[in-house]
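>>> can't give you the sequence, but here's the structure:
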Ligand SMILES: [Zn+2]
């Protein structure tokens, strides 16, 4: 079988490119994407469940905004630190358990 060199496909195969669905990728690309994800190549090796770049940017932005607006505990003036629970991420007071303040982060 003749294999033509396809840089784009190789990028996807090696986990360096994201297949944008709006471009209507051929099945080969989706297979390559799936293969890259399964073998955790490139960007897929970073986290267990990868999130799309645009989604990641949006999350970073909302976290930045949250950090700017509420870094101090309104209850005792202590620092707010990001914590995570099985219910999701939230910002809690660093003086916990003395101070029970916590606010749910929109992340
Ligand atoms: Zn506090």
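Okay, I see it. These numbers were taken from a predicted model, which means no experiment stands behind them.
>>> show me the domain layout of this protein.
Following the assignment in automatic domain parsing, the chain carries domains at 7-45, 68-104.
>>> which of the ones you listed sits most buried?
domain 7-45 (a mean of 15; mean count of other Cβ atoms under 10 Å). For the C-beta atoms, the positions are set from N, CA and C on the backbone; glycine is no exception.
>>> what's the average pLDDT for that domain?
For domain 7-45, mean pLDDT is 71.
>>> now render the domains of the chain as a markdown table, adding distance to residue 58.
Formatted as a markdown table, the domains of the chain follow (distance: least, Cβ to Cβ, whole Å):
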| stretch | distance to residue 58 |
| --- | --- |
| domain 7-45 | 15 |
| domain 68-104 | 15 |
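>>> nearest to residue 55, out of these?
Residue 55 lies closest to domain 7-45 among the domains of the chain, at 11.1 Å (Cβ to Cβ).
>>> if we can go back for a sec, among the domains of the chain, which comes closest to the ion?
Judged by Cβ to the ion, the one of the domains of the chain that comes nearest to the ion is domain 68-104, at 3.1 Å.
>>> counting by contacts, list what the helix or strand containing residue 90 packs against.
In the assignment (DSSP states H and E), residue 90 maps to strand 88-93. Strand 88-93 sits against strand 80-85, strand 102-104, with contacts defined as 3 or more Cβ pairs under 8 Å, 6 or more residues apart in numbering; DSSP states H and E.
>>> just send those strands back as CSV, with distance to the ion too.
Shown next, in CSV, are the helices and strands packed on strand 88-93 (distance: least, Cβ to the ion, whole Å):
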stretch, distance to the ion
strand 80-85, 8
strand 102-104, 9
